[in-house]
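Peer 1: here is my input, please return the structure:
(6 chains)
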Protein chains: 4
Amino acid sequence: MSVEEATGQPRPGRPRSEQSRSAVVRATSELLHEIGLRAMTTEQIATRSGASKATIYKWWPNKYAVAVDAFFSELQADSPDPDTGSARQDFTIWLRRLCHFYAGPSGAVFAQLVGEAQFDPEVATELRDGLVRSRRAVLETIWDRGVARGELRADVDRDVAIDLIIGPALYRLMTGRGGLDDAAADAMADTVIRGLSA
Amino acid sequence: MSVEEATGQPRPGRPRSEQSRSAVVRATSELLHEIGLRAMTTEQIATRSGASKATIYKWWPNKYAVAVDAFFSELQADSPDPDTGSARQDFTIWLRRLCHFYAGPSGAVFAQLVGEAQFDPEVATELRDGLVRSRRAVLETIWDRGVARGELRADVDRDVAIDLIIGPALYRLMTGRGGLDDAAADAMADTVIRGLSA
Amino acid sequence: MSVEEATGQPRPGRPRSEQSRSAVVRATSELLHEIGLRAMTTEQIATRSGASKATIYKWWPNKYAVAVDAFFSELQADSPDPDTGSARQDFTIWLRRLCHFYAGPSGAVFAQLVGEAQFDPEVATELRDGLVRSRRAVLETIWDRGVARGELRADVDRDVAIDLIIGPALYRLMTGRGGLDDAAADAMADTVIRGLSA
Amino acid sequence: MSVEEATGQPRPGRPRSEQSRSAVVRATSELLHEIGLRAMTTEQIATRSGASKATIYKWWPNKYAVAVDAFFSELQADSPDPDTGSARQDFTIWLRRLCHFYAGPSGAVFAQLVGEAQFDPEVATELRDGLVRSRRAVLETIWDRGVARGELRADVDRDVAIDLIIGPALYRLMTGRGGLDDAAADAMADTVIRGLSA
DNA sequence: CAATAATCGAGACGGTACGTCTTGTCTTGGC
DNA sequence: GCCAAGACAAGACGTACCGTCTCGATTATTG
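Peer 2: Residues are numbered from 1 along each chain as shown, chains lettered A, B, ... in the order given. Below is the predicted model of the structure:
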């Protein structure tokens, strides 16, 4: 957090152009869907956004960091807690949404970012901090409620439980085998929850 | 498959140098572990192996194909079927081995290959054909035995069941969160199998 | 020439800061000697002088114009007319001074400015107006005195005569071959003046 | 001089493409005359010649080195020795040719190269070695003949004499004041030679 | 004594050239 | 026909500098 944000006091000099920032992010979003993370070049982002390469490199270390930002910027209202009163219901609804997301246009982008994270620790960190963590938080809440209600097994490690729910869907995404429709989500949820239920 | 392989008839001219081939594969293996898939260049493979770039490009389409070959070449005796008489046992042993593999030095290489597969359909295909398929075959056998024995639920889709076993481990590998030791493998196996058991 | 300078009437608003102007010129002088005309950046001038780039660009079109100003500012009382009564003496003394200047620290700066003038007509103009012209004026005076006195040939074009005196020294400077000490100056002066004498 | 040139033994690997080399030099020549040394970019040379930037940077350190090569390549049969029997004649003819060269299209290119040499010692060296030296050699021959013949003063330093002949013309070129036609050349030659004659 | 107007330092910005790097192809002579 | 060596075209990379701009702050004259 910069001094400015902390104190509300403007720093000297011309302030950063919000227009430029958002144009870069928007252009990157488009390019991610059109040609993908790897084929997209910094030059293209610059041309399409109207920003200069220097400006992009001033605020982001490379195109992958821009892509992470762009990816997050289009994830509004990210998978809220269903809270239906039944953990089984909650998990099922949540997993349907996840599979829907994976199967949609952003799914490929997400898969590419996870792929890139294998080579770039910074992408890995940002992805984990910005996305994985917030998703897991919802699942943790659902889990804790279920355990408190006596609906779920208290003797299963919470992290294990969550990995069992997310893992299979991610596996299907990353191996590109499909099987991410509602029926598949329900099948996976059903079986896992049976193992998790008290 | 080449004409030679099909007919057994030698083609005219100097035959392909096996020494050159294996040197390339070995050099690539080393580089994969030392600097990773992305940082490794075709030039480096050529220099280290003593082969020329032209030779490499003659036999492989690009460095990723070489990497896939190199990766497979070091996977000897890949996860055989434990066949203990208990599907629960078999799955647990098998998952331990998988986690051990993921946690070992080849795990990172595998993760990078899966990462690269998000950008390169050929890598995805080769990886699926060469590794994923053979692994799943073992699990399918275990599953079928368990179902036949009445140990496992016949009403669960086999593919779903297998994804539930592999998925969580791969999820941990790809998000780099660790948790791939024996205890973790056992915990995951236990919980999943409970959901899969009759 | 600004309105203020023309009319003596102060314009409204904050007047130009003399401190800022001289700091820029001084910083530029230092940089010219330390790293040279080409390596010096506008940013460096701004940082070292405490002025902002905007201020520099407000008063000068580019760094070369600043350099010309800075170069002139350190040329105080440049080569006065010796007027010894002998044109031969006058020319010899004058050429000694010129060579001394070329051989000194400002010589390299001057050479770079002449070099830059080959690319930038404005630099060429400013250099010619500010320096070359004033120097030639002194030589013209010496020449005219010598001709009037019957010491020098009246049938030689004055411009040719002056070029013969300055040219060889500049040639040595621009080709970086040295030979700019007093003895060399005397040798050049001697021979040329012999050609110019009646 | 490379090993190959010295021994006549071909080195391993694909030999340097003469076509590529000459295309680069030719394109550079054109660009030098069309837009000048400074405005010309490496990219333009690459585009126009059909070579890649990498190739250019492999064989030349930067565009200035290419420019020097290109400049030399168009100087065929550079100012031969007139050898008329009279040193006065020889010098006059030679200086006419030099002024003609300076006043022609290559003159501006040469001036820019000399200008650039003020910033880049390598350009200075190459220019001196490739051009200045060969020109001076001719003048030295003329001078020596004149002295042997008793036509020229033996007590004048040869280098000084040569600088007196070349210097004024270069001065006119570098200050852009014109005066490089035949009449001007003759006037300069006449006066200087008078100073140099026995 | 406020209002006006031009200055100033700081620094972000679009543009553009630079020189490096990697990829995949091509061209030698030797085996 | 295969191979090592290495030159080549293509083109993305990240850096540097240029000259312009937008801030808030400052400092004069003018009403």
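
Peer 1: ok, which residues in chain A are in contact with DNA strand F?
Peer 2: Selection of chain A residues close to DNA strand F by Cβ under 7 Å from any atom of the strand yields A:10, A:12-15, A:41-43, A:52-54, A:57, A:62-63. Yep, even glycine has a C-beta here, placed from its N, CA and C like the rest.

Peer 1: between these, which is nearest chain D?
Peer 2: A:Glu43 (13.6 Å; Cβ to the nearest Cβ).

Peer 1: which residues does the single nearest residue of chain A relative to chain B contact?
Peer 2: Residue nearest to chain B within chain A: A:Gly195 (2.7 Å; Cβ to the nearest Cβ). The contact partners of A:Gly195, taken as Cβ atoms under 8 Å, 6 or more residues apart in numbering or on different chains, are A:Leu164, B:Thr191, B:Val192, B:Ile193, B:Arg194, B:Gly195, B:Leu196.

Peer 1: can I get the residues you listed in TSV with distance to B:Leu98?
Peer 2: Shown next, in TSV, are those (distance: Cβ to Cβ, whole Å):
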residue	distance to B:Leu98
A:Leu164	15
B:Thr191	16
B:Val192	13
B:Ile193	15
B:Arg194	19
B:Gly195	18
B:Leu196	16
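
Peer 1: which member of the residues you listed is positioned nearest DNA strand F?
Peer 2: Nearest to DNA strand F out of the contacts of A:Gly195 is A:Leu164 (Cβ to the nearest atom of the strand; 37.2 Å).

Peer 1: so that closest one is in which element?
Peer 2: Using DSSP states H and E, A:Leu164 sits in helix A:158-174.

Peer 1: ok, the residue lying closest to A:Ser86 once chain neighbours are set aside - contacts?
Peer 2: Closest residue in space to A:Ser86, ignoring its immediate chain neighbours: A:Glu151 at 7.2 Å, by Cβ to Cβ, 6 or more residues apart in numbering or on different chains. Contact analysis of A:Glu151 by Cβ under 8 Å, 6+ apart lists A:Ser86, A:Ala87, A:Arg88, A:Ser197, A:Ala198.

Peer 1: going by distance to DNA strand E, which of the residues of chain A next to DNA strand F wins?
Peer 2: Of those, the one sitting nearest to DNA strand E (Cβ to the nearest atom of the strand) turns out to be A:Gly13, at 2.3 Å.

Peer 1: let me know the pLDDT of the closest one.
Peer 2: Per-residue pLDDT puts A:Gly13 at 86.

Peer 1: any idea how far C:Ala54 is from it?
Peer 2: 11 Å (Cβ to Cβ, to the nearest Å).

Peer 1: again, but for A:Asp157
Peer 2: 61 Å.

Peer 1: circling back: pLDDT on the helix holding A:Leu164, on average?
Peer 2: Averaged over helix A:158-174, pLDDT sits at 97.

Peer 1: what packs against it?
Peer 2: Contacts defined by 3 or more Cβ pairs under 8 Å, 6 or more residues apart in numbering or on different chains; DSSP states H and E place helix A:158-174 against helix A:87-103, helix A:105-117, helix A:133-148, helix A:182-196, helix B:158-174, helix B:182-196.

Peer 1: most tightly packed of these?
Peer 2: helix B:158-174 (a mean of 23; mean count of other Cβ atoms under 10 Å in any protein chain shown).

Peer 1: quickly note the distance from the residue in chain A that chain C sits nearest to to C:Gly104.
Peer 2: Residue nearest to chain C within chain A: A:Gly13 (9.6 Å; Cβ to the nearest Cβ). Separation of A:Gly13 from C:Gly104 (Cβ to Cβ): 41 Å.

Peer 1: the two: which is more packed in?
Peer 2: Taking neighbours as other Cβ atoms under 10 Å in any protein chain shown, A:Gly13 and C:Gly104 compare with C:Gly104 leading, 12 against 7.

Peer 1: ok so, going back, out of the helices and strands packed on helix A:158-174, which gets nearest to D:Ile93?
Peer 2: Shortest distance between D:Ile93 and the helices and strands packed on helix A:158-174, using Cβ to Cβ, is found for helix A:105-117: 71.4 Å.

Peer 1: would you mark the buried spots in stretch A:44-60?
Peer 2: A:Gln44, A:Ile45, A:Ala46, A:Arg48, A:Ser49, A:Ala51, A:Thr55, A:Ile56, A:Trp60 (16 or more other Cβ atoms under 10 Å in any protein chain shown).

Peer 1: circling back to that earlier point, which of the residues of chain A next to DNA strand F fall in helices?
Peer 2: Per DSSP state H, helices hold the following members of these: A:Thr42, A:Glu43, A:Lys53, A:Ala54, A:Tyr57, A:Lys63.

Peer 1: out of the residues of chain A next to DNA strand F, who's nearest B:His100?
Peer 2: Scanning the residues of chain A next to DNA strand F for proximity to B:His100, where the rule is Cβ to Cβ, the winner is A:Asn62, at 34.3 Å.

Peer 1: spatially central residue in chain A, please.
Peer 2: Nearest to the mean C-alpha position of chain A, by Cα atoms, centre = their mean, lies A:Leu131 at 3.7 Å.

Peer 1: am I right that that residue is in a helix?
Peer 2: Yes. With DSSP: H, G, I helix; E, B strand; the rest coil as the criterion, A:Leu131 is located in a helix.

Peer 1: pLDDT value on it, please?
Peer 2: 85.

Peer 1: from what I see, it and A:Glu74 are in contact.
Peer 2: No. With contact taken as Cβ atoms under 8 Å, A:Leu131 and A:Glu74 are classed as non-touching, separated by 11.9 Å.

Peer 1: for A:Val160, what are its contacts?
Peer 2: By Cβ under 8 Å, 6+ apart, the residues touching A:Val160 are B:Pro168, B:Ala184, B:Ala187, B:Met188, B:Thr191.

Peer 1: thinking again about what came up before, torsion angles phi and psi at the residue nearest to A:Ser86?
Peer 2: phi -80, psi -30 (degrees, to the nearest 10).

Peer 1: so it versus B:Met188, what's the distance?
Peer 2: 21 Å.
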